[in-house]
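# next input, structure requested:
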Amino acid sequence: MRKYILVVAGVIIFSACNNNNQKTSEQTDTVTNNVVDAAEAPVIKFTNDVYDFGKIQEGQKVSYDFEFVNEGKSPLIISNATATCGCTVPERPTEPIAPGAKGKISVVFNSAGKSGLQDKAVTITANTIPAETQVRLIGEIVK
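Numbers count the residues shown, from 1 in each chain. Here you go, the predicted structure:
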């Protein structure tokens, strides 16, 4: 009986893993829930995806604009931009970015109450493949 249960469990696990490996050139757009062909999808390409603000005093604010270009063949729609903590506030464009057009995500980091090395990630959710992209602010807070 025990061997039978192990064999059945193994078959179920194997078949579940096998179903996840089927990939196509299409993905469901997280913004519109439409199926998007990867060749036609928007592509977000950042000029810099990491900004090193160096050393700053505790309490200072750092602002940076992460500039990007839509290198895809359809309009880029950024549905969300979130940071890893409340000390980092991103601001995203609300209008679609046409193919070939430029845009920016403005980020403000408040170092109040922080010290030492900092690495703050901002996750951008858009109708790209993959749907999420990250940019980072790094630096050091000195007292």
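# dump the residue contacts of I97.
I97 sits next to P42, F68, N70, P75, L76, I77, I78, G103 when contact means Cβ atoms under 8 Å, 6 or more residues apart in numbering. (C-beta placed from N, C-alpha, C; glycine too.)
# any idea how far it lies from T125?
14 Å (Cβ to Cβ, to the nearest Å).
# before we move on, the earlier item: hmm, which of the contacts of I97 are the buried ones?
P42, F68, N70, L76, I77, I78, G103 (16 or more other Cβ atoms under 10 Å).
# just list whatever residues bridge to the fourth one.
Think L76. I97 (DSSP bridges).
# residues contacting it?
P42, V43, I44, N70, P96, I97, A98, P99, G103, A126, N127, T128.
# same thing but 10 Å
31, 41-44, 68-70, 93, 95-99, 101, 103, 126-128 (Cβ atoms under 10 Å, 6 or more residues apart in numbering).
# separation between the closest residue to C87 other than its chain neighbours and V89?
Closest residue to C87 in three dimensions, ignoring its sequence neighbours and counting by Cβ to Cβ, 6 or more residues apart in numbering: N110, at 4.9 Å. Distance, N110 to V89, using Cβ to Cβ: 8 Å.
# and E71, by the same measure?
27 Å.
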